[in-house]
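>>> Dropping a prediction and its sequence here:
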Amino acid sequence: YIFTRNRRNVQEISLRTRTGSSCINNVVVQFNQNHLPFGGINQSGLGKAHGFYGFRAFSNERSVVMQGRFNPLKLVYPPYGKIADLTVKLLLRYF
């Protein structure tokens, strides 16, 4: 929280410090903004909370790939055969 009427002070303090959020001439109002991330950095806080940022911060993102019945890559998987040889030749010729 920065309490000053001098814009230069605000800019100087903002450039020289690292924070999760800042509030100028008020307190805690940034917490009420659900579209802004709220939280500290390093050992101060649990990360970013609220809305989209809270969802990302407290979620374990993972990828899931499910192959359908037809997989063209199976044509080049071992054991190799005539179809795989033909596929490789075509790929090398045109790519």
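In hand now; what should we look at?
>>> C-alpha only now, for contacts and for neighbours.
Fine.
>>> same question for stretch 86-95, mean pLDDT?
Across stretch 86-95, the average pLDDT comes to 87.
>>> so residue 54 makes contact with residue 36?
No: applying Cα atoms under 8 Å, one finds residue 54 not in contact with residue 36, separated by 9.6 Å.
>>> Now do the SS call for residue 63.
Following DSSP: H, G, I helix; E, B strand; the rest coil, residue 63 is assigned to coil.
>>> Same check on the one 5 residues further on?
Look at residue 68: counting by three-state DSSP, its state is coil.
>>> Can you name the residues that contact the nearest residue to residue 24 once chain neighbours are set aside?
Spatial nearest neighbour of residue 24, excluding adjacent residues (Cα to Cα, 6 or more residues apart in numbering): residue 2 at 4.8 Å. The contact partners of residue 2, taken as Cα atoms under 8 Å, 6 or more residues apart in numbering, are 10, 22-26.
>>> Check which helices and strands the longest helix seen in the chain is in contact with.
Ranked by residue count and defined by DSSP state H, the top helix of the chain is helix 82-94. With contacts defined as 3 or more Cα pairs under 8 Å, 6 or more residues apart in numbering; DSSP states H and E, helix 82-94 has no helix or strand neighbours.
>>> burial count for residue 37?
By other Cα atoms under 10 Å, the residues close to residue 37 number 20.
>>> ditto for residue 29
Around residue 29 sit 10 other residues, with neighbours defined as other Cα under 10 Å.
>>> I'd assumed residue 23 was in contact with it.
Yes: in this structure, residue 29 is within contact of residue 23 by Cα under 8 Å, at 7.4 Å.
>>> quick revisit: quick one: which of the contacts of residue 2 is nearest residue 61?
residue 22 (28.1 Å; Cα to Cα).
>>> how far away is that closest one from residue 62?
32 Å (Cα to Cα, to the nearest Å).
>>> Likewise for residue 24?
38 Å.
>>> Repeat that for residue 68.
Residue 68 is 19 Å from residue 62, by Cα to Cα.
>>> How about residue 38?
24 Å.
>>> Comparing those two, which residue is more hemmed in?
residue 38 (23 against 5).
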